[in-house]
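# Here is a sequence with its predicted model. Questions after.
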Amino acid sequence: MDWGLIEQKLESLRRAVSRVAENCPEEVPDLVRDYDAQDIVSLNLTRAVQLCVDIANHVLSESDLPSPVTMGQSFELLEELGVIGPELCVRMKKAVGFRNLAVHNYDVIDWAIVHAIARHHLGDFKAFAEAVLLLRG
């Protein structure tokens, strides 16, 4: 496995999550009014999800499992390999759902949901990174 590449992606993930944490206002109405914060938070959340998918697929490329057909399936296959647990798998698949909405239907984003992700679920990305690093030994 190319750990240099994985570490580079993990550092990009750390930066994206940090940007979300630093730029998400304390309250939902503040996010609704702040278009710059909306852009920074949504862009970096979608980056974080995409980086996790990329990392998952890199890990999966070293396995005998078939290639995932969907982004969400990348996490299901990691669960099958025992890299992540079932709860984290579900949360990462929900993150993919958010990413798809943000990328394809930006005009209908529910900023309360984005706020909840940014304020209460950034730990999912850290948990994912820690699970991947455990593979290194």
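Sure thing, it's come through.

# Excluding covalently adjacent residues, which one is nearest to the residue positioned nearest the centre of the chain?
The chain has residue 49 as the residue nearest its centroid, 2.7 Å off, counting by C-alpha atoms, centre = their mean. Excluding its sequence neighbours, the residue lying closest to residue 49 (C-beta to C-beta, 6 or more residues apart in numbering) is residue 99, at 3.9 Å. Quick note: C-beta positions are derived from backbone N, CA and C, even for glycine.

# Contacts for the one helix or strand that neighbour maps to, please.
If you go by DSSP states H and E, residue 99 is part of helix 86-104. Helix 86-104 has contacts (C-beta atoms under 8 Å, 6 or more residues apart in numbering) with 42, 45-46, 48-50, 52-53, 70-72, 75-76, 78-79, 84, 108-109, 113-114, 117, 121, 124-125, 127-128, 131.

# what do you get if the cut-off is 7 Å, keeping everything else the same?
42, 45-46, 49-50, 52-53, 71-72, 75-76, 79, 109, 117, 121, 124, 127-128, 131 (C-beta atoms under 7 Å, 6 or more residues apart in numbering).

# Tell me which of these fall in helices.
Using DSSP state H, the subset of those located in helices is 42, 45-46, 49-50, 52-53, 71-72, 75-76, 79, 117, 124, 127-128, 131.

# for the protein, what are the low-confidence residue spans?
By pLDDT under 70, the weakly predicted segments of the chain are 106-107.

# hmm, 90 instead?
Counting by pLDDT under 90, the ranges of the chain that qualify are 1, 97-110, 136-137.

# list the contacts for the closest residue to residue 40 other than its chain neighbours?
The shortest distance from residue 40 to any non-neighbouring residue, by C-beta to C-beta, 6+ apart, is to residue 23 (4.3 Å). Applying C-beta under 7 Å, 6+ apart, we find residue 23 in contact with 37, 40-41.
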